[in-house]
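1. Just a sequence and a predicted model for now, questions to come.
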Amino acid sequence: MPLIAQFLIGLLFGSGLVISGMSNPEKVLNFLDLAAIPSGGWDPSLALVMAGGAVVTFLGYKLILKRERPLFDTQFHLSQVKNIDAPIIVGPAIFGAGWGLAGFCPGPAFTAIGTGSTSAILFVIAMLAGMVAARLLALRQQRIAAPGAAK
């Protein structure tokens, strides 16, 4: 049942991206091009989509966290990290740079693959390679930091 729920949630998310036009990198780039504001070429619709997502997420957390436990698990798994460190700064900076350069972020990129977009396919390949590289780097750092690790 959890797999079916995850599939349906992903389908709903992907449908929302397609309906809102956010799987089109031009729409995203037109939002990020603030220099186009005076000429009327700026597209504010992404801000409305993000605001809608923030409101739904806020209300969803308020509603769901009133439950004793999630539907498909024994407990909620919420981050306990409160400090701001380099990964919290660097990760979003890389995400934002990639989004601004390519016009894609992960969800819309996967959605755009369905259209046969070469740029979406290349973006997803590069994104997956970056994820693997980040995981390997983190594992390497854990090995080095472990007590008694060979150096």
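-> Arrived safely, thanks for sending.
2. residue contacts, the spatially most central residue of the chain?
-> Nearest to the mean C-alpha position of the chain, by CA atoms, centre = their mean, lies Pro106 at 5.4 Å. Pro106 makes contact with Met127, according to CB atoms under 8 Å, 6 or more residues apart in numbering. For every residue, glycine as well, the C-beta is placed using N, CA and C.
3. same question, the one 3 residues further on
-> Applying CB under 8 Å, 6+ apart to Ala109 gives the contacts Ala102, Ala120, Phe123, Val124, Met127.
4. That one and Gly116, how far apart?
-> 13 Å (CB to CB, to the nearest Å).
5. now for the helix ranked longest in the chain, which elements pack on it?
-> In the chain, taking DSSP state H as the definition, the longest helix is helix 118-145. Where contact means 3 or more CB pairs under 8 Å, 6 or more residues apart in numbering; DSSP states H and E, helix 118-145 is packed against helix 86-102, helix 106-113.
6. which of those is buried the deepest?
-> Counting by mean count of other CB atoms under 10 Å, helix 106-113 has the highest mean neighbour count of the helices and strands packed on helix 118-145, with a mean of 20.
7. Could you tell me the angle between that helix and helix 86-102?
-> 30 degrees (axes from the mean of the first three to the mean of the last three CA atoms, to 10 degrees).
8. what's the model's confidence in helix 106-113, averaged?
-> Averaging pLDDT along helix 106-113 gives 86.
9. how about the nearest residue to Trp99, chain neighbours excluded?
-> Distances taken as CB to CB, 6 or more residues apart in numbering place Cys105 nearest to Trp99, at 4.9 Å, with adjacent residues excluded.
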